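Trainee: generate coordinates for the sequence data below:
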Amino acid sequence: MSGDEDRATQGGRRHALSRALIHCRTDLVVDLSELAFADASLMLDLAMLARRLRRAGRQLVLQGAQPHIARLIQLMGLDRLPGVLVASPAH
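Mentor: Residues are numbered from 1 along each chain as shown. I've put the predicted structure just below:
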């Protein structure tokens, strides 16, 4: 993901996440390193994706989140959901 992710980009995002879910047979890694802005709609979509992955015995791995995105992940509780792994940001 890159740029801004909010309700205005939700349709395209959901389509891309659904495609990734279909084609990925292992844990799904979402690279957040180029994400400049996100709102709660992204966190909700990621939570729903994690739920679907968990049912299939897989995990959602979030990597490279900038500090303000990592804070949003924490505030929304995404990092505490079963099946979600938040990888340490790259330095």
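Trainee: give me the most central residue, this structure.
Mentor: For the chain, residue 46 is the residue whose C-alpha lies nearest the centre (CA atoms, centre = their mean; 4.3 Å).
Trainee: could you say which helix or strand holds it?
Mentor: Assessed by DSSP states H and E, residue 46 sits inside helix 40-55.
Trainee: and that helix, what does it pack against?
Mentor: helix 10-23, strand 28-31, strand 60-63, helix 67-76, strand 84-86 (3 or more CB pairs under 8 Å, 6 or more residues apart in numbering; DSSP states H and E). Using the backbone N, CA and C atoms, a C-beta is placed for each residue, glycine as well.
Trainee: confidence-wise, which helix or strand of this protein is lowest on average?
Mentor: When the helices and strands of the chain are scored by mean pLDDT, DSSP states H and E, helix 10-23 comes last with a mean of 94.
Trainee: residues in contact with it?
Mentor: Contacts with helix 10-23, where a contact means CB atoms under 8 Å, 6 or more residues apart in numbering, come from 1, 5, 28, 41, 42, 45, 49, 52, 53.
Trainee: quick check: the gap between residue 47 and residue 39.
Mentor: In this view, residue 47 and residue 39 are 13 Å apart by CB to CB, to the nearest Å.
Trainee: residue 21 too?
Mentor: 22 Å.
Trainee: next up, the contacts around residue 26.
Mentor: Neighbour list for residue 26: residue 58 [criterion: CB under 8 Å, 6+ apart].
Trainee: SS state for it?
Mentor: Three-state call for residue 26 (DSSP: H, G, I helix; E, B strand; the rest coil): coil.
Trainee: quick one, phi psi at it?
Mentor: Dihedral pair for residue 26: phi -120, psi -170, per degrees, to the nearest 10.
Trainee: give me the pLDDT for it.
Mentor: On pLDDT, residue 26 comes in at 94.
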